[in-house]
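Student: below: sequence and its predicted model.
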Amino acid sequence: MVAWAICFSREIYSFAAQINRKNVDYVFNNTDILRMKSRHISIRLQEFSERRLIILTGARQVGKTTLAKSCFPDLRYINLDAMEYRDMVRNISSFDWSKDLGPAVLDEAQKEPSVFDKVKFAYDEGQLDSTVLLGSSQFMLMKKVRESLAGRAFILELWPLMVSEILADAPTPAEKPLLSAVLKNGVEAALQHVAAVKAGPNVSQARKTEDYLLRWGGMPELLRLNDDQRREWLRSYEMTYLERDLTDLVRLDDLEPFRKFQQVAAHRSACLLNYSDLARDAGVSVDTSRRYLEYLRRSYQTILLQPWHTNQTISLVKSPKLYWIDMGLLRQTGRIGEAVTGELYENYVVSETWKWCKSDTPTTNLYFYRTRHGLEVDLLAERDQRIVGFEIKNRATVTNADASGLRKLAVNLGEKWSGGMVVYAGDKIQRLEKDLWAVPSWRLFSGL
């Protein structure tokens, strides 16, 4: 069997010495070396039993292949994106699957649907101990999993790189971010013994990493490129998404309406969704607008953050908010410049929180809070019947007034309340009052 080890993506990490958010330019020099980046999800892989089927899914180019090859070096790797490999596995019968193919990593598994039934047969017959299926089409892959492998497979999702992952070089595992302790122990318990201010080279790297993610996002390939190459890579990714990934979900005779819809939707990041307004501005029907948003969600491009409510909270709004998972793709899709607006900063904080929760504790649910009377809190994280509130401010300083929504939320939630944070772009962790703290985002998402 495969010996479990920490899994790493091969990336390069280097930043220019001088950084500012208004004019971010990351360049590489001749001394840069290839390093491996630790992925948090590898921790969960170690928890699986010896006999396992694993489904690893996520957006194209997030590092699924690298992760699988690193974690399962003894398994045969077959990329079903190649027609020749599809023909090969198609001609292997279910009876001969374990003998002729055996344990393997099957990339782009959704391209050859017959593999799911064959893997199921071999596994159920006790002839096959392990297979890893990779895919970037959530709809097609999960449809086949539900039909053939329900109850047999562990399903994992891989996301673009996070702050704490970029900061970690092999063989050192990525440190859990401060966010992990906050969600596990509550705000007060997690922060009361943490140093208010940090200094040193690790702090500088963490700040630079956050600036990098705000500008370029977390696609691993971009780390080894210069800025001009990154722009070209993102342009190419956008085109490939439209011409390849989208066609895995739906057959569109004309891609232009969807392309325009993407651009319009990108400019509504961190906003409450109004399907009628979105449809009008994109020049499509409301039903088409809903359908296009579902395509973006299923292909791991966007998040539809739902409002928190109970059966008794009839005064809360019911429309979701839209966020993009990757900041680089958001900027490319919307033709958005390098400045960091309040909406973009909020998108970054929500997406980083989303990536961590989905990688570490998928049972943590994320929401926002908004009443029809104007009370709003940007982000709620619910875990084990306890809720942490996040107010997000793209500023270098905070005041007590910034926590006013959190105070009201605490009263409304009662015993569910586990504390609140004003997440901001400053330097210092501050206790505003009991259970209310101000935390710099680069501290929250790193292990510092």
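Tutor: The structure has been received and is ready for your questions.

Student: can you name every helix or strand that the strand or helix carrying residue 213 contacts?
Tutor: Using DSSP states H and E, the element containing residue 213 is helix 201-216. For helix 201-216, the helices and strands in contact under the criterion 3 or more C-beta pairs under 8 Å, 6 or more residues apart in numbering; DSSP states H and E are helix 163-166, helix 327-334, helix 342-360, helix 441-444. C-beta coordinates here come from the backbone N, C-alpha and C atoms, glycine included.

Student: tell me which of the ones you listed is the most buried.
Tutor: Using mean count of other C-beta atoms under 10 Å, the stretch among the helices and strands packed on helix 201-216 with the greatest mean number of neighbours is helix 163-166 (a mean of 27).

Student: mean confidence (pLDDT) on the next helix or strand after it, please.
Tutor: Towards the C-terminus, the helix or strand next in line after helix 163-166, according to DSSP H and E, is helix 178-185. Predicted confidence along helix 178-185 averages 96 (mean pLDDT).

Student: just the CA atoms of helix 178-185, as PDB, please.
Tutor: C-alpha atoms of helix 178-185 as PDB (Å, rounded to 0.1, in the frame of the first residue of the first chain):
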ATOM      1  CA  LEU A 178      -5.000  31.500  13.100                       C
ATOM      2  CA  LEU A 179      -8.500  31.200  11.600                       C
ATOM      3  CA  SER A 180      -8.400  27.500  12.500                       C
ATOM      4  CA  ALA A 181      -8.100  28.200  16.300                       C
ATOM      5  CA  VAL A 182     -10.800  30.900  16.100                       C
ATOM      6  CA  LEU A 183     -13.300  28.500  14.500                       C
ATOM      7  CA  LYS A 184     -12.400  25.600  16.900                       C
ATOM      8  CA  ASN A 185     -12.100  27.500  20.200                       C
END
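
Student: angle of it against helix 342-360?
Tutor: 60 degrees (axes from the mean of the first three to the mean of the last three C-alpha atoms, to 10 degrees).

Student: hang on, the earlier thing: need the next SSE after the helix holding residue 213, C-terminal direction.
Tutor: Per DSSP H and E, helix 201-216 leads on to helix 227-240 as the next helix or strand towards the C-terminus.

Student: of the helices and strands packed on helix 201-216, which is nearest residue 269?
Tutor: Across the helices and strands packed on helix 201-216, residue 269 has its closest neighbour in helix 342-360 (4.8 Å, C-beta to C-beta).

Student: can I get the closest one in CSV, CA atoms only?
Tutor: Taking C-alpha atoms only, helix 342-360 is exported to CSV below (Å, rounded to 0.1, in the frame of the first residue of the first chain):
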residue,chain,number,x,y,z
GLY,A,342,-13.6,47.4,-0.4
GLU,A,343,-15.5,44.8,-2.5
LEU,A,344,-12.4,43.1,-3.7
TYR,A,345,-10.9,43.0,-0.2
GLU,A,346,-14.1,41.5,1.1
ASN,A,347,-14.0,38.9,-1.8
TYR,A,348,-10.5,38.0,-0.8
VAL,A,349,-11.4,37.5,2.9
VAL,A,350,-14.5,35.4,2.1
SER,A,351,-12.6,33.3,-0.5
GLU,A,352,-9.7,32.6,1.9
THR,A,353,-12.1,31.6,4.6
TRP,A,354,-14.0,29.4,2.2
LYS,A,355,-10.9,27.6,1.0
TRP,A,356,-9.7,26.9,4.5
CYS,A,357,-13.0,25.6,5.8
LYS,A,358,-13.6,23.4,2.8
SER,A,359,-10.1,22.0,3.0
ASP,A,360,-10.0,21.4,6.8
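
Student: counting neighbours, what do you get for residue 236?
Tutor: The criterion is other C-beta atoms under 10 Å. On that basis, residue 236 has 11 neighbouring residues.

Student: ok, now residue 431?
Tutor: Residues within reach of residue 431, counting by other C-beta under 10 Å, total 14.

Student: can you check residue 84 too?
Tutor: As a burial measure, the neighbour count of residue 84 was computed by other C-beta under 10 Å and equals 8.

Student: avg pLDDT for the helix or strand where it lies?
Tutor: For residue 84, the element it lies in under DSSP H and E is helix 83-90. Average pLDDT, helix 83-90: 96.

Student: quick one, domains of this structure?
Tutor: Here the domain parsing of the chain from automatic domain parsing is 40-157, 165-444.

Student: would you mind measuring the gap between the ends of the last one?
Tutor: The one in question is domain 165-444. The first and last residues of domain 165-444 sit 13 Å apart, counting by C-alpha to C-alpha, to the nearest Å.

Student: what of the first one?
Tutor: End-to-end span of domain 40-157 (C-alpha to C-alpha): 11 Å.

Student: surely residue 299 meets residue 244?
Tutor: No. With contact defined as C-beta atoms under 8 Å, residue 299 and residue 244 do not form a contacting pair (10.4 Å).

Student: between these two, tell me which one has more neighbours.
Tutor: For residue 299 versus residue 244, the count of surrounding residues by other C-beta under 10 Å is larger for residue 299: 19 against 13.

Student: how far away is the more buried one from residue 428?
Tutor: Separation of residue 299 from residue 428 (C-beta to C-beta, to the nearest Å): 39 Å.

Student: which residues touch the residue in the chain sticking out farthest from the centre?
Tutor: Relative to the mean C-alpha coordinate of the chain, counting by C-alpha atoms, centre = their mean, the farthest residue is residue 95 (38.6 Å). Residue 95 makes contact with residue 121 under the criterion C-beta atoms under 8 Å, 6 or more residues apart in numbering.

Student: checking it next. Helix, strand or coil?
Tutor: Secondary structure assignment for residue 95 (DSSP: H, G, I helix; E, B strand; the rest coil): coil.

Student: so what does it look like in phi/psi?
Tutor: Backbone torsions of residue 95, given as degrees, to the nearest 10, read phi -70, psi -30.

Student: give me the pLDDT for it.
Tutor: What the model reports as pLDDT for residue 95 is 97.

Student: please, where are all the helices along the stretch 51-200 of the chain?
Tutor: Counting by DSSP state H, counting those that start in this stretch, the stretch 51-200 of the chain has these helices, from start to end: 64-71, 83-90, 97-100, 114-124, 138-144, 163-166, 178-185, 187-191.

Student: in JSON lines: those, plus distance to residue 374.
Tutor: Putting those into JSON lines (distance: least, C-beta to C-beta, whole Å) gives the following:
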{"stretch": "helix 64-71", "distance to residue 374": "43"}
{"stretch": "helix 83-90", "distance to residue 374": "56"}
{"stretch": "helix 97-100", "distance to residue 374": "60"}
{"stretch": "helix 114-124", "distance to residue 374": "50"}
{"stretch": "helix 138-144", "distance to residue 374": "36"}
{"stretch": "helix 163-166", "distance to residue 374": "33"}
{"stretch": "helix 178-185", "distance to residue 374": "27"}
{"stretch": "helix 187-191", "distance to residue 374": "24"}
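
Student: the closest residue to residue 238 other than its chain neighbours and residue 176, how far apart?
Tutor: Taking C-beta to C-beta, 6 or more residues apart in numbering, and ignoring the residues beside it in sequence, residue 238 has residue 332 as its nearest neighbour in space, at 5.5 Å. Distance of residue 332 to residue 176, given as C-beta to C-beta: 30 Å.
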